[in-house]
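**Q** show me how the following folds:
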Amino acid sequence: MSGVDEAKRRAAEGALKLIGDAKLIGLGTGSTVEKLIGLLDPNADSVYVASSIDTAVKASSRGLKVLHPSSIRGPLDIYIDGADEVDEELNMIKGGGAALTMEKILAHHSMKRIFMVDHTKLVSRLGENRPVPVEVIRDALMLVTSRLDDMGYDVVVRRPGSGKYGPILSDTCGVIIDVRMPGDKGPEYVENELKSVPGVVETGLFLGLVDVVTVGYTNKTRVIARGSRSMDLHRQR
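**A** Next comes the predicted model:
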């Protein structure tokens, strides 16, 4: 197991310890969520709400009870996910797995939000290493990208590495574009500006949607709660 894989596993182990007696649990999408799925007990009476087909398949294959988001009325007990970048204010960039819209919906409708990252995802400023994924209505793709270009944004339409021609589509059928964060604009300003363009469905800027972040290292897990100091949950002896 590589150092990053080990760090992801430790982050997932930290999140597992924070689930408690939650019964209705939302699951995000990505490699760290996959680590968590491998740790969850199929015999527990918890029910999971998947943010993507990929997560639903992996959770079901593990033997977990999975519900479709459209069947949920009340708030979820907990939402658990990974992130592409996390800054010092616990704001995040998400959407590397193209599931950002359902991920943000589930996070918003959850009573507690836990995010898991390896230590390489910590940044001093959002956009240091990753662009902001943005979901766009298919029929508005060229209109939206042209408008964002006029507004000074560096925009790339995301395409698959192999096996498919054309842009990547999300599970909610939007086109995913990647937008570079301007160095002179803060995340709140960028979020508002991007969403002011008709045709933009959602952005991968997750601002104020975090309660706890578990940060995995090769030898420990840090737990950072919003508004409090971090602590080491586990350290390898």
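**Q** please write out the alpha-carbon positions of the helix of greatest length in the chain in PDB.
**A** Scanning the chain for the longest helix, with DSSP state H as the assignment, gives helix 3-17. Presented in PDB, the C-alpha positions along helix 3-17 are these (Å, rounded to 0.1, in the frame of the first residue of the first chain):
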ATOM      1  CA  GLY A   3       1.800   6.200   1.500                       C
ATOM      2  CA  VAL A   4      -1.200   8.100   0.100                       C
ATOM      3  CA  ASP A   5      -3.400   4.900   0.200                       C
ATOM      4  CA  GLU A   6      -2.400   4.400   3.800                       C
ATOM      5  CA  ALA A   7      -3.300   8.000   4.700                       C
ATOM      6  CA  LYS A   8      -6.700   7.600   3.000                       C
ATOM      7  CA  ARG A   9      -7.300   4.400   4.900                       C
ATOM      8  CA  ARG A  10      -6.500   6.200   8.200                       C
ATOM      9  CA  ALA A  11      -8.800   9.100   7.300                       C
ATOM     10  CA  ALA A  12     -11.600   6.600   6.600                       C
ATOM     11  CA  GLU A  13     -10.900   4.800   9.900                       C
ATOM     12  CA  GLY A  14     -11.200   8.100  11.700                       C
ATOM     13  CA  ALA A  15     -14.500   8.800  10.100                       C
ATOM     14  CA  LEU A  16     -15.800   5.300  11.000                       C
ATOM     15  CA  LYS A  17     -15.200   6.100  14.700                       C
END
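**Q** any buried residues in it, and which?
**A** Using 16 or more other Cβ atoms under 10 Å as the test for burial, helix 3-17 gives 6-16. (Each C-beta comes from the backbone N, C-alpha and C, glycine too.)
**Q** dump these into TSV; add distance to D77 and pLDDT as well.
**A** Formatted as TSV, the buried residues of helix 3-17 follow (distance: Cβ to Cβ, whole Å; pLDDT from 0 to 100):
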residue	distance to D77	pLDDT
E6	29	96
A7	26	97
K8	23	97
R9	24	97
R10	23	97
A11	20	98
A12	18	98
E13	20	97
G14	18	97
A15	14	97
L16	14	97
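**Q** centre of the chain to the longest helix of the chain, how far?
**A** Centroid separation between helix 3-17 and its chain, computed with Cα atoms, centre = their mean, to the nearest Å, is 15 Å.
**Q** repeat for stretch 164-177
**A** 17 Å.
**Q** buried set for that stretch?
**A** 167-171, 174-177.
**Q** quick check: end-to-end length of it?
**A** 16 Å (Cα to Cα, to the nearest Å).
**Q** which other residues reach it?
**A** Contacts to stretch 164-177, defined as Cβ atoms under 8 Å, 6 or more residues apart in numbering, come from residues 52-53, 95, 98-102, 133-138, 141, 144-145, 148, 155-160, 201.
**Q** can you flag the buried ones in these?
**A** In these, burial by neighbour count holds for 52, 95, 98-102, 133-136, 141, 144-145, 148, 155, 158, 201, counting by 16+ other Cβ under 10 Å.
**Q** quick one: which of these sit in strands?
**A** 133-136, 155, 201 (DSSP state E).
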